[in-house]
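*Asks:* Any chance you can model this:
(chains A and B)
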Amino acid sequence: MDLKIGVYIDTGYGIGEALDIESLSKVATKEMKVPICRAEAYWSDPDKLEIIKSDIANEGVNAIIIAGPSPRVFQEAFRFDGIITERINLREQVIWSHPANDEDTQMLAEDYMRMGVTKLNKYEDRAPFDEASEKSILVIGGGITGMTAALEAARAGTQVYLVEKEPQLGGWAAKYHKVFTGRAPYDSIVDSPVQDKIAAVKATSNIKVFTGHRVYSIAGSPGMFDVIIREDGPWIDRLVREQNEWLEAKKAKEQIGQEDEQKPKAAAAAETPAEEEAPEPTDFPHEKVRVGAVVLAAGWRPEDASAFADLGYGEYPDVITSVELEELAKNGKIKRPSDGKEVNTIAFIDTPNQKADHPLLFSSSVASLVALKQAHYLRQTNPESRAYIFYENMRTPGQYEKFYQAMQDDPGVFLSKGTPVGVSNGGSALTIELKDTLLGEHMKVKVDLLVLSTGMVPATKDSAIVNLKYRQGPFMPENVYGFNDSHFICFPYETQRTGIYTAGCVKNPMDFLTCEMDATGAALKAIQCAELTAQGRAVAPRAGDESFPQIFLQRCTQCKRCTEECPFGAYDEKPDGTPLPNPTRCRRCAICMGSCPERLISFRDHSVDMIGSMVKIIDVPDEYSEKPRVVVFICENDAYPVVDMAGMNRLEYSPHVRFIPLRCLGNINMVWIADALSKGIDGIMLIGCKYGDDYQCHFVKGSELAEYRMSKISETLQRLALEPDRISVHQLAIDEFNKLPKIIGEFMERLSEFEPNPYKGF
Amino acid sequence: MAGDKTVLVVGGGISGITAAVEAAEVGCKVILVEKLPYLGGRVAQLNKYFPKLCPPTCGLEINYKRIRRNPDITVYTRAEVLNISGTAGNYKATVKVTPRYVEDHTATSKCVEDCPVEITNEFNYGMDKTKAVSLPYEMAYPMNLVADRDALLKAKGQPGMAEFVEACNAKGIRFNLDAEPETFDLDVSSVVWATGWRPYDAKKLTKLGFGTCANVITNVMMERLAAPSGPTKGQILRPSDGKKINSIAFVQCAGSRDRNHLPYCSSICCLASLKQATYLRDYNPEAQAHIFYIDLRAYGRFEFFYDRVRNDDKILLTKGKIVSITEDPVTKDVILEGEDILSGQKIRRTFDMAVLATGMQPNTSLEKIPAQNVKYDEFGFVISDEGIHATGVSKRPMDVGTCLQDATGAALRALQDTVGR
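*Replies:* Predicted coordinates for the structure are as follows:
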């Protein structure tokens, strides 16, 4: 695309006073050959915007550069249809952090001008990828969550396919005697609403239900997922076995990988041999549907009750789980399993298996609420009865507290903190021994029936469910807690498999109300994903981004790094070992761009060549000038605002650094380091987000990968005979702007101990 | 896909922002109305989120970016909805926008630090002063100054004022104190109500010393005290004398689960106190934190955080109810009295500072939605299933992640209102 660039230098904000604008303009017009360069104060003002509009209309300007305040402000003002906009941050990054009318400050501004124009010159015109336009959605799981997701999506006009493995809809909700609702007036329990919901699903014409079926496989990508739905049968056991073997092999391989070269978990993935990429044999009765996105609402199963052996489960028939009590309660009067005698005294233990080293075996507030509800069952059917509830912490959030208060007001319900020590069978009754109760350090109670709250294990713990035909395997990646979501505070629907959203107890133990709420949100995300994908746009966090990765495959060496390092599994593999991109799985983080040693992956507005050229255009003064040059690659999401805030607070730091923002620090390509060092740049810094279990990287592992790549840079440095300390990697949270001058200062200090880079002038 | 149908989102906190961007990214036109001069609401005032201990501005910034790049979202700050009439698919809303009383080109607080007039800094819960013209906070959206009209009018003619105004003019910062509020009507097809919560008024807990003991603060104030942009630049020092804090007490259920105050559980205060205990421990490794609770309520995966925090041997947890807090008149130390629930023993202990874990009160309990047919529960939370879609803490107490799930669902409800009508 032939760009006609207009540069608009803002002389407001004190920029005009602090910099030599004429000289800066000359860099644009003379050195960078920009046809139009104007300097005015406050380009965001309506009358000034008219000048830009006139240049667009009359001068054929189709790309503009605003050299003024940070791109984080006035983005709206400089949005022109069909015009590429680039921003040069002269305010926060130059004049607010560096002295006015200073040679070094001027050099900094001029370098940013060179870099900005270079960036635009490397822009490639490419239409968005809008070939995936299916908008129907698949919902996996016909319990309360899945049915809600299906109904809510259908109400917005979306075609839904609902797959449930059981012969009927309803899931756990259909198995409960009664439920606590979380709805006003909160103080009691009601019949399960599930039958109404089943009826509503059946009555909705744009929901197609497959009961007694499972998802056999999902291939493709958002906007074009191909789903094979197959009747439940022994095949699933075989598939799960194969998947588990695959998982074991993957883990073993990761371990070897780690021992071999200290590779982070993120960088090592198992490889599916190419022969498995053959088309899926479907010589069995099946239904194939194409969908735009998926809601995974496969729910949970009770944890293995053998974990409660120390409390008599398995030994005494009258020690049961809370799930088993629901069955007993359905028959009216609650009778104990051992002899069918009506239960008069019952005890509940809320958290029977509170072990920190036992991840996933928790049931959240659900356990407390279930115990209260089930105590209520007995009290309603047998007014003479007595119920004990022992808990570690009674957990009844929000308005559920009222239900708890109602139960506290029932004289037949005894509630206490208590840790179970042991259970014995004293002939006609069970004796439970407890410690740390409200009635003293030790107490014993005799009851007819003991009910242990059961942990809720997400269905994804046992099998992949989605059975993805992805090169990265059939599973959804897990977070540190063993669930499939990736940013559970700020973006709770994000997962590492684009277009697949989890909802309900598959992502956290939840009560009905929360399941319904979560399902509604997941349905929105699925509809939205299909919608954005059809328009050729990315989903969150780069929602709306129309760029997508292109690979120059002719030079691919089949190193597989892009397929392995993509956090979202966007790359499959062709039989010849080269990557097969799935543009609509892509979240546009550009981590693959950094991973490719052959520099073959590019986006229209973000490429190895573009960033490399920006590095190379930096003016490097000679070694006698005492003006070192440092390139700082920063994450545009968090580190960039850090630099802005340092400027807003007028924090000063070395004028010898040049910031280059990246979509994610994981974009960092080794060639840029080589480019910089061989050009005479003295040092390189990388500033990205915190990583680890509590990662803040918006793309899960970008900053970790950057650190990993830098640990491999020594070869390059050796070849150039340069000190390894010329490169340093930092993690900064978005609010740590106070630390910026310090880390830059320390780096410059360290750099001053070395000779200037001997490659200056080459 | 939603055509020209418009969704009005009321409240620009994390729930409202989420509902707005999610609705816009599925194709709706969105108008987001916020009462304060900035978006972000209560989470903008938090130092860190539990359990990841990461700054909320990180997620907010991504959301602001989503707003900035999306031409389908219109934001009005300092705006209030006065009235809503009509039904789903066809509402009319009256909106009043108060001017910022200053025009600037995205200046910063640094640009106006010479302002001679100071006012109470509500962003820091009154713990310090701010200038009568300022940027609400460093990462504010929109990034524009706002002026306190009354304070500036009162200061007219005071020494330094004329010079200050003139210096501002030179920087492109122009005051227009005579500007008038503007009121207009909007036709929208759907309304999402996300006006959130306020901390329960700790002064109503008359025995717990807030307002009478210098070193009794609330949990929301503790967030500002620990924040790098807070009144002490993140130094956790006690209010009476700026002394380093070696012992701190957290008093749970300060108002919540109390039939005389907020009878419900606010759901987040236990985790907030566990988190705040880590603030002090990080700031001063010698310090000890003591949490007095009725039940320690950590839900789901937050249990891992609870485990992590309680394994710190300088964070003590006592199942106990604190009934009174008084002050040592000389040292200004705080004296907590109450009962250890397990042992039945009396508690009487002295600390450098006490933090009251006050609960969340829905704003709808004090300012009802100006529309017909909205139903509330006895606490003021919205319980209507039809019509206006309440979301976030307007419905029930929730942590941030849950608010986001709920607000995303509200976006779907809004979308449903716009299709097929």
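*Asks:* now the helices for chain B?
*Replies:* Here chain B has its helices, by DSSP state H, at B:14-25, B:56-69, B:149-154, B:161-170, B:219-226, B:269-283, B:302-310, B:400-418.
*Asks:* and the fourth one, what does it pack onto?
*Replies:* Meaning helix B:161-170. The contact analysis (3 or more CB pairs under 8 Å, 6 or more residues apart in numbering or on different chains; DSSP states H and E) places helix B:161-170 against strand B:174-175. (Glycine included, C-beta is placed from N, CA and C.)
*Asks:* any idea which element residue A:39 lies in?
*Replies:* strand A:36-40 (DSSP states H and E).
*Asks:* Return the distance of the next helix or strand after that strand from the chain's centre.
*Replies:* Next along the chain after strand A:36-40, taking DSSP H and E as the criterion, comes helix A:46-58. Here the centre of helix A:46-58 is set off from its chain's centre by 41 Å, with CA atoms, centre = their mean, to the nearest Å.
*Asks:* do the same with stretch B:144-161
*Replies:* The answer for stretch B:144-161 is 26 Å, by CA atoms, centre = their mean.
*Asks:* For the stretch 651-762 of chain A, which residues are neighbours of chain B?
*Replies:* A:689, A:690, A:694, A:696, A:698, A:733, A:734, A:735, A:736, A:737, A:738 (CB under 8 Å from any CB of the partner chain).
*Asks:* part of a strand, is the fifth one?
*Replies:* It refers to residue A:698. No: read with DSSP: H, G, I helix; E, B strand; the rest coil, residue A:698 is coil and lies in no strand.
*Asks:* and it, how many neighbours?
*Replies:* When neighbours are defined as other CB atoms under 10 Å in any protein chain shown, residue A:698 has 28 of them.
*Asks:* Leaving out the residues flanking it, which one is nearest to it?
*Replies:* residue A:541 (4.9 Å; CB to CB, 6 or more residues apart in numbering or on different chains).
*Asks:* quick one: residue A:399 from chain B, how far?
*Replies:* Distance, residue A:399 to chain B, using CB to the nearest CB, to the nearest Å: 5 Å.
*Asks:* Please disregard the earlier target; I meant residue A:65.
*Replies:* Computed as CB to the nearest CB, the residue A:65 to chain B distance reads 18 Å.
*Asks:* who are the neighbours in contact with that residue?
*Replies:* Contacts for residue A:65 were tallied using CB atoms under 8 Å, 6 or more residues apart in numbering or on different chains; they are A:5, A:6, A:7, A:8, A:34, A:85, A:86, A:87, A:88, A:116, A:117, A:120.
*Asks:* Now the helix or strand where the second one lies: average pLDDT?
*Replies:* Pointing back at residue A:6 there. Residue A:6 is part of strand A:5-10 when elements are defined by DSSP H and E. Taken as a whole, strand A:5-10 has an average pLDDT of 98.
*Asks:* picking up where we left off before, quick check: which of the helices of chain B is buried the most?
*Replies:* Of the helices of chain B, the one with the most neighbours on average (mean count of other CB atoms under 10 Å in any protein chain shown) is helix B:14-25, at a mean of 30.
*Asks:* Distance from the chain centre to that one, please.
*Replies:* Centroid separation between helix B:14-25 and its chain, computed with CA atoms, centre = their mean, is 17 Å.
*Asks:* Also stretch A:545-565?
*Replies:* 22 Å.
*Asks:* again, but for stretch A:417-437
*Replies:* For stretch A:417-437, the distance to the chain centre is 44 Å (CA atoms, centre = their mean).
*Asks:* Do that stretch and chain B come into contact?
*Replies:* Yes: using CB under 8 Å from any CB, stretch A:417-437 reaches chain B at A:417, A:436.
*Asks:* Please find the angle between the direction vectors of the strand holding residue A:39 and helix A:46-58.
*Replies:* Put simply, strand A:36-40 runs at 170 degrees to helix A:46-58, going by axes from the mean of the first three to the mean of the last three CA atoms, to 10 degrees.
*Asks:* give the contact list for the residue in the stretch 1-150 of chain B that chain A sits nearest to.
*Replies:* Of all residues in the stretch 1-150 of chain B, residue B:59 sits closest to chain A, at 3.1 Å by CB to the nearest CB. Residues near residue B:59 by CB under 8 Å, 6+ apart: A:487, A:489, A:490, A:491.
*Asks:* what does the stretch 151-300 of chain B put close to chain A?
*Replies:* Taking CB under 8 Å from any CB as the contact definition, the stretch 151-300 of chain B meets chain A at B:171-172, B:227-229, B:233, B:257, B:259, B:263-267, B:295-300.
*Asks:* which residues sit in contact with residue 61?
*Replies:* With no chain named, the answer covers chain A. With CB under 8 Å, 6+ apart, residue A:61 has these contacts: A:4, A:5, A:6, A:36, A:52, A:55, A:83.
*Asks:* wait, I meant chain B there
*Replies:* Counting by CB under 8 Å, 6+ apart, residue B:61 touches A:637, A:638, A:641, A:734, B:139.
*Asks:* Report pLDDT for the residue nearest to the last one when sequence neighbours are not counted.
*Replies:* It stands for residue B:139. For residue B:139, ignoring the flanking residues on the chain, the nearest one in space by CB to CB, 6+ apart is residue B:57 at 4.8 Å. pLDDT, residue B:57: 96.
*Asks:* From residue A:150, how far out is residue B:57?
*Replies:* Computed as CB to CB, to the nearest Å, the residue B:57 to residue A:150 distance reads 37 Å.
*Asks:* And for the nearest residue to residue B:130 once chain neighbours are set aside, the neighbour number?
*Replies:* The shortest distance from residue B:130 to any non-neighbouring residue, by CB to CB, 6+ apart, is to residue B:121 (4.0 Å). By other CB under 10 Å, 18 other residues sit near residue B:121.
*Asks:* Over to residue B:213?
*Replies:* Applying other CB under 10 Å, we find 21 residues neighbouring residue B:213.
*Asks:* For the closest residue to it other than its chain neighbours, give the beta-bridge partners.
*Replies:* Once flanking residues are discounted, residue B:213 sits nearest to residue B:327: 3.9 Å by CB to CB, 6+ apart. On the basis of DSSP bridges, residue B:327 is bridged to residue B:334.
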